[in-house]
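**Student:** Kindly generate the corresponding structure for this input.
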Amino acid sequence: MRLLRALAAACVVALVLVTGALAADPPNVADLEAELVCPTCRTTLDQSDAPVARRMKAIVRARVASGATADEIKAELVDQFGPGVLAEPPKSGFDLIAWLLPLLGVAVGAIGLGALALAWSRRVPEASTRHSEPPVDLELERRIDLELERVDE
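**Tutor:** Got it, this is the predicted structure:
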């Protein structure tokens, strides 16, 4: 039991250390430029060469060099230029709709396709109802059985 507790404690400590080490990495300038949008041309900073985009790129590089985190840099740029500089909408408040509507659309489409497939699979083809086979003639069936018995002998 003590061994199990010690192992669990070691795992927790290892997770804390790994998480702390990952959080300490400085943000990647290229990744940040792909996550921010130029307010003038509405393209990401890595694709834009507008004067405002160049100024924003300089801010990003200077803030990364000073040791700021990606969230701090984004918050600073949102304060200066507005929330339109974020390439993806925030995942809270009214902007949450931008994340949920596509998922809702896919779910509704999948349910609709499933309902159509179920309806199609249960539908009886019209051709088989019109041309149903006539009942079997019992006398003819008996004669065929007798002929088959003669052939087998």
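
**Student:** Going by C-alpha atoms from here, please, whenever you check contacts or count neighbours.
**Tutor:** OK.

**Student:** Just give me the neighbour total for Ile73.
**Tutor:** Neighbour count of Ile73, defined by other C-alpha atoms under 10 Å: 20.

**Student:** What ranges in this structure fall below the confidence cut-off?
**Tutor:** Low-confidence segments of the chain, defined by pLDDT under 70: 1-25, 125-134.

**Student:** For the residue nearest the centre of it, pull up the helix or strand it's in.
**Tutor:** Centroid-nearest residue in the chain: Leu103, 7.8 Å away (criterion: C-alpha atoms, centre = their mean). Using DSSP states H and E, Leu103 falls within helix 96-122.

**Student:** Show me what that helix packs onto, helices and strands only.
**Tutor:** For helix 96-122, not one helix or strand is in contact under the criterion 3 or more C-alpha pairs under 8 Å, 6 or more residues apart in numbering; DSSP states H and E.

**Student:** separation between the closest residue to Gly84 other than its chain neighbours and Asp31?
**Tutor:** Nearest residue to Gly84, sequence neighbours excluded (C-alpha to C-alpha, 6 or more residues apart in numbering): Pro39, at 6.8 Å. Pro39 sits 18 Å away from Asp31, going by C-alpha to C-alpha, to the nearest Å.
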